[in-house]
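**Q** with the sequence up front, the predicted model follows.
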Amino acid sequence: MKGKKVLVIGMGRSGIAATYALVDAGAVVSVQDSKSEEQIDKAFVDYLNEKGVSKYLGSIPEDMSVFDVLVLSPGVPPQLAFVEEARKNGAEIIGELELAYRLGKGHYIAITGTNGKTTTTTLVGEIYKAAGCDTEVAGNIGIAVISKAMAASDDTCLVTETSSFQLETIDQFHPVVSAILNLTPDHMDRHKTMENYGRAKAAVFKNQTKDEYCILNYDDKACFELAEREGCNATVVPFSRKEALDFGAFVQDGQIVIKDQKGEIIPICGADELQIPGSHNLENALAAAAITYFGGISKDVIAQVLRTFAGVEHRIEACGELNGVRFVNDSKGTNPDAAIKAIEAMKENILLIAGGYDKGSTYDEFVAAFDGRVKKLILLGKTAPKIKETAEAAGFHDIIMASDMEDCVTKAYNAAEEGDVVLLSPACASWDMYDNFEQRGDHFKSCVQSLAKK
């Protein structure tokens with residue numbers, strides 16, 4: 001990148017980290033964001049001024065032909081007109097993940113899928129750490145990959161959660177183990193079709209070779225068929241919660257087991273020994289076992305971590321109880337399928353808080369999953385009317401409309417009885433009211449705490 005004219009687009013976490021790395025690499029750096037300078041962190045703006053970085057904040061460069069490379073943040077669609085203009089003028093379009101691969105060191109374990117990415121990525125990271133490996137966990141999980149890759153050694157294992165947005169802009173990125181956990185409709189506002197969405201996910205294995213591994217969900221046919229449809233050259237390792245396999249990770253007599261290439265069965269641990277609830281988390285555990293076993297980790301270390309791993313924040317996270325009413329934070333449930341899994345993991349009568357930014361999803365299957373478990377639906381955000389209409393069309397009318405999170409928590413608690421659970425699982429992104437799902441989950445937890453003090 002030395003001497004190349006590079007425009008970094010989007011001044012979020014990954015864009016800022018990419019800017020630091022590119023300046024250090026000797027690139028001639030410019031930055032662009034739709035936000036004004038006053039909306040950008042002052043310390044970062046001071047850094048840009050000190051380093052002589054050209055700023056296009058609240059504006060777009062007039063001449064896009066001057067740039068050799070554009071580095072797009074994940075939230076920036078590659079189809080934007082000024083990005084296309086640069087492409088037509090010969091600029092290379094990449095993302096921060098690709099940049100990290102080129103400029104940094106380390107080897108990659110790359111995990112993608114519609115749901116379960118954060119839990120599985122965290123779990124895999126914990127297994128590698130327990131095995132004594134030099135391990136960093138980064139990516140869509142909330143830590144810019146390049147910030148870890150630039151400090152890595154050749155031996156560092158970069159366990160990386162990769163989104164479809166990040167994978168759209170890779171070229172050379174090459175993990176030694178990849179995984180696609182599942183494939184259900186999400187981000188249709190950006191990808192438009194499931195075929196496009198699947199193709200973006202499948203990019204995770206496009207540079208792999210036959211000596212490397214790609215772990216795929218055998219029970220999710222749309223996911224598993226990506227290997228053949230998109231031409232996977234890696235050795236495909238299936239995992240299944242439902243069926244015994246000739247090769248891969250599955251459940252046999254209540255045990256998580258792996259059947260290797262020689263046909264040998266390697267028992268890992270009992271499925272009922274997992275600390276994380278729900279059938280979806282059994283799938284995440286199976287995927288993590290396959291990723292790490294074929295990534296060279298011993299079965300004993302895998303078993304030890306699977307037995308003790310307690311889950312991640314904002315994913316079916318218990319966050320309090322008041323007068324016999326439990327509160328569960330599943331703010332990470334940012335699409336209907338993720339929220340369905342959270343509903344299925346609950347045994348009590350549920351007062352469900354849902355709604356948020358509309359990613360173009362439909363909510364018929366989400367409502368169908370209520371199936372006697374959900375006794376009240378509390379809605380907020382831009383999608384509230386759309387979800388309400390879907391629910392009423394399906395015959396579910398016990399709906400409360402709320403103005404904000406505090407209103408949701410208060411109304412849910414007032415309607416709850418002892419033994420009920422108030423579940424935040426929005427089935428939507430957070431961007432209409434919050435910067436991210438973490439902020440939304442934290443606000444939910446603070447509202448629960450405030451309720452307890454009243």
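**A** Structure received.

**Q** parallel or antiparallel, which strands does the helix or strand A318 falls within pair with?
**A** Per DSSP states H and E, A318 falls inside strand 317-322. Each strand paired with strand 317-322, and its direction, by DSSP bridges: strand 325-329 (antiparallel).

**Q** what does the strand it pairs with contact?
**A** 313-314, 316-321, 342, 346, 348, 409, 413, 416-425, 441, 444-445, 448 (CB atoms under 8 Å, 6 or more residues apart in numbering). C-betas here are computed from N, CA, C, even on glycine.

**Q** filter those down to the buried ones, PyMOL style.
**A** The following PyMOL line selects those of the contacts of strand 325-329 that are buried, judged by 16 or more other CB atoms under 10 Å:
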select buried, resi 314+316+317+319+342+346+348+409+413+416+420+421+422+423+424+425+441+444+445+448
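
**Q** inside helices: which ones of the contacts of strand 325-329?
**A** Among the contacts of strand 325-329, the members falling in helices (DSSP state H) are A342, V409, Y413, G441, F444, K445, V448.

**Q** looking at the residues you listed, which is nearest I276?
**A** A342 (12.1 Å; CB to CB).

**Q** do you know how far the closest one is from F309?
**A** 18 Å (CB to CB, to the nearest Å).

**Q** name the residues that touch the strand holding A318?
**A** Against strand 317-322 from outside (CB under 8 Å, 6+ apart): 311, 326-330, 413, 441, 444-445, 448-449, 451-452.

**Q** can I assume L351 sits in a strand?
**A** Yes: per DSSP: H, G, I helix; E, B strand; the rest coil, L351 lies within a strand segment.

**Q** distance of it relative to T390?
**A** Distance from L351 to T390, by CB to CB: 18 Å.

**Q** what do you get for R326?
**A** Distance from R326 to T390, by CB to CB: 27 Å.

**Q** compare L351 and T390 (neighbour count), which wins?
**A** Using other CB atoms under 10 Å, the more surrounded residue of L351 and T390 is L351, with 28 against 18.

**Q** now do the contacts for the more buried one.
**A** V374, K375, K376, I378, A412, A415, A416, D420, V421, V422, L423.

**Q** please apply the same query to K376.
**A** Here K376 is in contact with L351, L352, D398, I399, I400, A412, A415 (CB under 8 Å, 6+ apart).

**Q** now those in JSON lines, with distance to T162 and pLDDT?
**A** Output for the contacts of K376, formatted as JSON lines (distance: CB to CB, whole Å; pLDDT from 0 to 100):
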{"residue": "L351", "distance to T162": "34", "pLDDT": "98"}
{"residue": "L352", "distance to T162": "30", "pLDDT": "98"}
{"residue": "D398", "distance to T162": "39", "pLDDT": "97"}
{"residue": "I399", "distance to T162": "36", "pLDDT": "98"}
{"residue": "I400", "distance to T162": "37", "pLDDT": "98"}
{"residue": "A412", "distance to T162": "35", "pLDDT": "97"}
{"residue": "A415", "distance to T162": "40", "pLDDT": "97"}
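
**Q** can I have the buried ones of these as a PyMOL selection?
**A** Remark: buried members of the contacts of K376, expressed as a PyMOL selection using 16+ other CB under 10 Å:
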select buried, resi 351+352+400+412+415
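
**Q** export the contacts of K376 to TSV and tack on distance to F44?
**A** Listed next are the contacts of K376 as TSV, based on distance: CB to CB, whole Å:
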residue	distance to F44
L351	41
L352	39
D398	47
I399	43
I400	42
A412	39
A415	45
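
**Q** going by distance to Y213, which of the contacts of L351 wins?
**A** Of these, the one sitting nearest to Y213 (CB to CB) turns out to be L423, at 35.7 Å.

**Q** how many residues are close by the closest residue to A391 other than its chain neighbours?
**A** Once flanking residues are discounted, A391 sits nearest to V367: 4.9 Å by CB to CB, 6 or more residues apart in numbering. If you count neighbours by other CB under 10 Å, V367 ends up with 23.

**Q** likewise for T383?
**A** 23.

**Q** with G116 instead?
**A** G116: 27 surrounding residues under other CB under 10 Å.

**Q** who's in contact with it?
**A** Per CB under 8 Å, 6+ apart, neighbours of G116: L181, N182, H280, N281, E283, N284, A287.

**Q** output the residues you listed as TSV; include the columns pLDDT.
**A** TSV is the format used below for those (pLDDT from 0 to 100):
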residue	pLDDT
L181	97
N182	95
H280	90
N281	93
E283	97
N284	97
A287	98
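
**Q** right, and the pair among these with maximum separation?
**A** N182 and N281 (12.7 Å).

**Q** those two: who's more crowded?
**A** Shown here are N182 and N281; by other CB under 10 Å, N182 has more neighbours (25 against 22).

**Q** hang on, the earlier thing: of the ones in helices among the contacts of strand 325-329, which is the nearest to P336?
**A** Distances from P336 to these, taken by CB to CB, are shortest for A342, at 10.8 Å.

**Q** so who does that closest one touch?
**A** A342 neighbours (CB under 8 Å, 6+ apart): G278, I316, V328, D330, G333, L423, S425.

**Q** can you put the residues you listed in CSV and add distance to K5 and pLDDT?
**A** As requested, the contacts of A342 are exported to CSV (distance: CB to CB, whole Å; pLDDT from 0 to 100):
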residue, distance to K5, pLDDT
G278, 49, 87
I316, 46, 90
V328, 49, 96
D330, 44, 96
G333, 42, 94
L423, 50, 98
S425, 45, 98
